[in-house]
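K.L.:
Quick one: sequence plus predicted model below, questions after.
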Amino acid sequence: MIRFITTAVLCTSLYSQAHAACEARNFVVAVDSGHSPSDGGSTSARGRSEFEFNDTLAREVVSALKNAGYGQAFLLNPYRSELSLHERTKLADGRGAGLFLSIHHDSTQPHYLNTWTHEGQEQRYSDDFSGFSLWVSGSTVQAARSLTTAKAIGEGLLKRGLAPTLHHAEPIAGESRKLIDTRLGIYRRDTLAVLRASKAPAVLVEAGVIVNRAEELRLEQAGHRARIVAAVVEGAKAACAATP
């Protein structure tokens, strides 16, 4: 009887420890708005900087995470400062992040771009590609958990009617990226600084192709962004559940 009680107590203790490790309120998620005001990244078909798209979506991700119980989720750059890539991962690690999410929006290789006039200004666009992509490093100690998180995000995006773009795997200059999950649009790229340097599992999310004129308009719609945000929250849940 004593042995049974001891075993039961031990099992309960182990369960409690595992459960505590996965409690949303204890799980720190660092959310990075890719690029910065001065280094805006890509330019959309209507002349908006990628950073503006990134910052809007990243803030919505943080808000949704908090609403889902992840009270320690935080935006790395709330004041839209100029942060180096090293500073971003250092800030996340310093706050004990259990997950690093970098939010981006996508473009294409220059030879795919055409010109058109929008509101009296000549802009560049390409309607050839659309969709999301997810990026992980395979060379870090957190590679498996990063991939688990990316898969959860990808599944969440698919079930909400979004589709991945596979154009980064095209065997041309500037692309030829390693596509490790065609259905979910997951690529492996070990040289991306924030993925390589993060001590936590890390996923870079390309939410859509902003040089695509139709997709740019979708990405400006709150309802469309909400579907992306919900999928990212599912990824955070998967990362939490995979915490040792």
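P.N.:
Yes, it's here.
K.L.:
list the contacts for residue 99?
P.N.:
The contact partners of residue 99, by Cβ atoms under 8 Å, 6 or more residues apart in numbering, come to 27-30, 149, 200-203, 235-236, 239-240. C-beta here means a position set from N, CA and C on the backbone, and glycine is covered the same way.
K.L.:
With residue 125 instead?
P.N.:
45, 113, 114, 115, 116, 211, 212, 213.
K.L.:
ok, now residue 143?
P.N.:
With contact taken as Cβ under 8 Å, 6+ apart, residue 143 is in contact with 136, 137.
K.L.:
Could you do the one 3 residues further on as well?
P.N.:
For residue 146, the set of contacting residues under the criterion of Cβ under 8 Å, 6+ apart consists of 136, 137, 140, 195, 201, 202, 203.
K.L.:
so where's this protein shaky on pLDDT?
P.N.:
Along the chain, the model assigns pLDDT under 70 to residues 1-21.
K.L.:
Go through the contacts of residue 99 and say which is closest to residue 129.
P.N.:
Taking Cβ to Cβ as the measure, residue 203 is the one of the contacts of residue 99 closest to residue 129, at 20.5 Å.
K.L.:
The closest one and residue 137 touch, don't they?
P.N.:
No: in terms of Cβ atoms under 8 Å, residue 203 does not count as a neighbour of residue 137; the distance is 9.5 Å.
K.L.:
what residues are shared contacts of the two?
P.N.:
146, 195.
K.L.:
neighbour-wise, which of those two wins?
P.N.:
Neighbours of residue 203 and residue 137, each counted by other Cβ atoms under 10 Å, are more numerous for residue 203; the result is 31 against 24.
K.L.:
Distance check, the residue nearest to residue 199 when sequence neighbours are not counted against residue 45.
P.N.:
Leaving out its chain neighbours, the residue that sits closest to residue 199 by Cβ to Cβ, 6 or more residues apart in numbering is residue 93, at 4.8 Å. In this structure, residue 93 and residue 45 are separated by 36 Å, where distance is defined by Cβ to Cβ, to the nearest Å.
K.L.:
Same drill for those two, tell me which one is more crowded.
P.N.:
In this view residue 93 and residue 45 are compared by other Cβ under 10 Å, and residue 45 has more residues nearby, 24 against 15.
K.L.:
Okay, and that one sits in which element?
P.N.:
In this structure, residue 45 is located outside every helix and strand according to DSSP states H and E.
K.L.:
same question, residue 171
P.N.:
Assigned by DSSP H and E, residue 171 falls outside every helix and strand.
K.L.:
distance of it from residue 177?
P.N.:
For residue 171 relative to residue 177 (Cβ to Cβ), the value is 10 Å.
K.L.:
Tell me which two in the contacts of residue 146 are the farthest apart.
P.N.:
Set against one another by Cβ to Cβ, the contacts of residue 146 have their most distant pair in 140 and 203, with a gap of 11.9 Å.
K.L.:
residues bridging contact with the two, i.e. touching both?
P.N.:
By Cβ under 8 Å, 6+ apart, the residues touching both residue 140 and residue 203 are 146, 195.
K.L.:
The residue nearest the centre of the chain - nearest residue in space that isn't next to it in sequence?
P.N.:
Within the chain, the residue whose C-alpha comes closest to the C-alpha centroid is residue 205; the distance, by Cα atoms, centre = their mean, is 3.1 Å. With Cβ to Cβ, 6+ apart as the criterion, residue 205 has its nearest non-adjacent residue at 5.5 Å, and that residue is residue 103.
K.L.:
if I pick the one you found, what's in contact with it?
P.N.:
Listed by Cβ under 8 Å, 6+ apart, the contact partners of residue 103 are 31, 32, 33, 34, 54, 57, 58, 61, 205, 207.
K.L.:
Wait, a strand at residue 31?
P.N.:
Yes: the assignment for residue 31, made by DSSP: H, G, I helix; E, B strand; the rest coil, places it in a strand.
K.L.:
In this structure it contacts residue 104, no?
P.N.:
No: here residue 31 does not reach residue 104: they are 11.9 Å apart, not a contact under Cβ under 8 Å.
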